[in-house]
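> quick one, what's the 3D model for this:
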Amino acid sequence: MPHSVPRRRRLPLLALGLTAVLAPGLTALPASAAPPQDTGARPLSRFTDQKPDWKRCGTDTPAAYQCATLEVPLDYRDPDGTVIDVAISRIRATDPAKRRGVLLSNPGGPGGPGLDLPLYFTETMPESVTERYDLIGFDPRGIGRSTPVECGLTDDEKRFPRSYRPFGENVARAKTVADKCREATGPALSHMTTRNTARDMDVLRAVLGEKKISYYGVSYGTALGSVYTQLFPRRADRFVLDSAVDPKKMWRGMFQVWAPEAEPAFARWTRWTAAHSATYDLGKTPAEVSRTFWDLVERADRDPVDVGTAKLTGTDIRGFLRREFFTPRSAAELVVMLKDAAAGKPVPDFPAEPEATDNLVSALWTVVCGDAPMPRDPETYRRDSARDAARHPLFGDFASNINPCAFWDRPVEPVTKVDNHVRSLIVQNEWDSQTPLSTARGMHRALKGSRLLTVDEGEGHGVVYGMSAGPANRCAEDTATEYLVTGRLPAKDVTCRAAPGVKPAQPASPASPAFGRLG
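Purely as a prediction, here's the structure:
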């Protein structure tokens, strides 16, 4: 049965996006209008009229934490066809007299299960929120307990992103992943998309008897939330989007943005490390620090560095340190460790990172490739990777590399264009490695009724309610809570200040088969 979420956990990965193609019988309306339901020949009432059989989620979990299973159509264009399951959970509002409604949530991915989020948020959200909302969790279609997709991938096939050389091996690996997923999942492969998950959310809304839903989503969860506001604008109440995707960049653009964004983060790291040369001894000027790093990379490409059980090339070092440069103290400590290892000094093993499950990675590709088309010609990826390797030497060859979507079946629906005036709050760290500040600004432009809260010098992926690896930012949390409790958005965009001098959580292990994954 579901278990509670660790107090501080790394989010599953990236965040990604989408357009409204309505089920048969539903009329396409402007973004400001709510699409009607049950007006055609194939109504959804058999799904929206369900009565959940709520039961305690497990003998080792609180009685207030309840779970149930919904049925939803695999393909909303054919509601009378195949049916799949969506696992849902809830913890009721603690003060019925103050109850506002329901607060759905998504932890990121795509591929992240969300069934246990209500249990987690009872620890991390203030009482003023938990007393007003039923906390609603769910595993999105294809994930966890919701009719999961599993492609049978090896550890090597799970790893992404990776350098484009040798390119022929990358092409073969990407095709193998696509072929495995097609064979394992069959016709369902085309319907595990963000659009359909948003439609599942609206079925859940109806089943719960609510006219509107509120929502808190992180990383990929911001993409899911934005698509819901586009498909069902009049059913969106109070939406908090934490560490946001740019809807116009879903999905290849969200991979590619990592390369140019890593360069200023690296430059910031060299300045910080030079200023702390007495501690780290990596160079007294930014130029010296940069040279120390690139000398280490070149040396490791000639003679891989032994770090515990891992043997790292320079390409490996670039791949996993790309994220860590967004938190300078962490990156400096890692470079010192790698420098010592290269010199033959004993160093500790990297802390182990939980291995990515087959379901998580399979669901990621199923959603990403099903949401939006990507180039089909491998030569496009080879050319783009070579170009970006020259432009952005730290990570360009990773960000533009080929992936399984090049060999996927074409998406069955066009991409969702997110462009509406639904009110929402976007919260964003300035130095976020997975969904950079530029992509949050893209979400802000797409959601014209939104306000953007930026944590100046904030580091890490995830900002509020315990979804960050670092300490809570009181300014950001108070603003988000004020909005969820009162519905009042700030009059204008907000800047909060980061708490200085706080050491972030331990970095991911480069020895993990999944290191470098999104989100």
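
> tell me where the stretch 201-350 of the chain has helices.
In order along the chain, the stretch 201-350 of the chain carries the following helices (DSSP state H, counting those that start in this stretch): 220-231, 252-256, 258-275, 277-280, 286-302, 314-324, 328-342.

> so how far is the shortest one from its chain's centroid?
Going back to what we said before, that points to helix 277-280. Distance of helix 277-280 from its chain centroid, counting by C-alpha atoms, centre = their mean, to the nearest Å, is 35 Å.

> next: the last one.
The gap between where helix 328-342 is centred and where its chain is centred comes out at 27 Å by C-alpha atoms, centre = their mean.

> okay, now the sheet partners of the worst-scoring helix or strand of the chain on mean pLDDT, with direction.
Between all helices and strands in the chain, the lowest mean by mean pLDDT, DSSP states H and E belongs to strand 310-312, at a mean of 90. Here strand 310-312 is paired, per DSSP bridges, with strand 305-307 (antiparallel).

> confidence score at the residue of the chain positioned farthest from its centre?
Distance to the chain centre peaks in the chain at Gly344, reaching 37.6 Å (criterion: C-alpha atoms, centre = their mean). For Gly344, the pLDDT comes out at 92.

> cool, and the one 4 residues further on?
What the model reports for Pro348 is a pLDDT of 85.

> where are the low-confidence patches of the stretch 301-450 of the chain?
For the stretch 301-450 of the chain, the stretches with pLDDT under 70 are 351-353.

> how near is the residue nearest to Met337 when sequence neighbours are not counted to Thr285?
Excluding its sequence neighbours, the residue lying closest to Met337 (C-beta to C-beta, 6 or more residues apart in numbering) is Val347, at 5.0 Å. Quick note: C-beta positions are derived from backbone N, CA and C, even for glycine. Remark: distance between Val347 and Thr285 (C-beta to C-beta, to the nearest Å) = 26 Å.

> picking up where we left off before, deepest of the helices of the stretch 201-350 of the chain, which one?
helix 220-231 (a mean of 31; mean count of other C-beta atoms under 10 Å).

> gap between that helix and the chain center?
Distance of helix 220-231 from its chain centroid, counting by C-alpha atoms, centre = their mean, is 12 Å.

> and Pro187, that's in a helix?
Yes - assigned with DSSP: H, G, I helix; E, B strand; the rest coil, Pro187 falls within a helix.

> burial of it, as a residue count?
Residues near Pro187, counting by other C-beta atoms under 10 Å, number 12.

> cool, the one 5 residues further on as well?
Residue neighbour count, defined by other C-beta under 10 Å, stands at 29 for Met192.

> also the one 4 residues further on?
The burial count assigned to Asn196 is 28, neighbours taken as other C-beta under 10 Å.

> wait, it touches Tyr76, no?
Yes - the pair Asn196 / Tyr76 is scored as a contact, 6.2 Å apart, by C-beta atoms under 8 Å.

> now do the strands in the protein.
Counting by DSSP state E, the chain has strands at residues 55-56, 66-73, 83-91, 101-106, 133-138, 213-218, 236-242, 305-307, 310-312, 420-431, 447-459, 494-497.

> so which of those strands gets nearest His276?
Evaluated over the strands of the chain, closeness to His276 peaks at strand 447-459, with 15.6 Å, by C-beta to C-beta.

> adjacent strands (with direction) for the closest one?
In the sheet, strand 447-459 lines up with strand 420-431 (parallel), strand 494-497 (parallel) (DSSP bridges).

> winner for burial among those?
By mean neighbour count, with neighbours taken as mean count of other C-beta under 10 Å, strand 420-431 ranks first of the strands paired with strand 447-459 at a mean of 23.

> and the nearest residue in space to Pro110 that is not next to it in sequence, what is it in contact with?
Nearest non-adjacent residue to Pro110, counting by C-beta to C-beta, 6+ apart: Val367, 3.8 Å away. The neighbourhood of Val367, defined by C-beta atoms under 8 Å, 6 or more residues apart in numbering, consists of 16, 109-111, 142, 192-194, 197.
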